[in-house]
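[1] Fold the following, please.
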Amino acid sequence: METDWLTLPELVDILGEPLGRVHRLLDESHLIGSRRHGPLKVPSVFLVDGRPLSSLRGTVIVLHDAGFSDDEVIDWLLTSEDSIGVAPIEALRAGRKSEVRRVAQALA
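    Numbers count the residues shown, from 1 in each chain. Below you'll find the model as predicted:
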């Protein structure tokens, strides 16, 4: 799935939160980012209406518990998953949280 990537200053603007709060959202898995291509960036599809997607955190925690790195979590969320029929982030955005979490737990 193609997505724009947001830098921390862009997240501060979009979320209307100070940088410290944005760091806390990342530390507490409400958001997840990658340093793969330089400074930390977060996929824009992880936000809905200027807020972190509410179902993202639990899914990220399940995948971390399964041993996934942040980059692996992001790749899994953005890549089409046969058992779901779309990329997991698309399913989460469509309200299919339990289905996505079931598949994520099966990866452990």
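[2] which residue packs closest to the residue of the chain most remote from its centre, ignoring adjacent ones?
    Largest separation from the mean C-alpha position in the chain: residue 18, at 19.9 Å (Cα atoms, centre = their mean). Leaving aside its sequence neighbours, residue 18 sits nearest to residue 12 (Cβ to Cβ, 6 or more residues apart in numbering; 6.9 Å). Quick note: C-beta positions are derived from backbone N, CA and C, even for glycine.
[3] okay but the one you found is in contact with residue 20, surely?
    No: Residue 12 lies out of contact with residue 20 (Cβ atoms under 8 Å); the separation is 9.8 Å.
[4] Looking at those two, which one has more neighbours?
    residue 12 (16 against 9; other Cβ atoms under 10 Å).
[5] show me what contacts the more buried one?
    Neighbour list for residue 12: 18-19, 22 [criterion: Cβ atoms under 8 Å, 6 or more residues apart in numbering].
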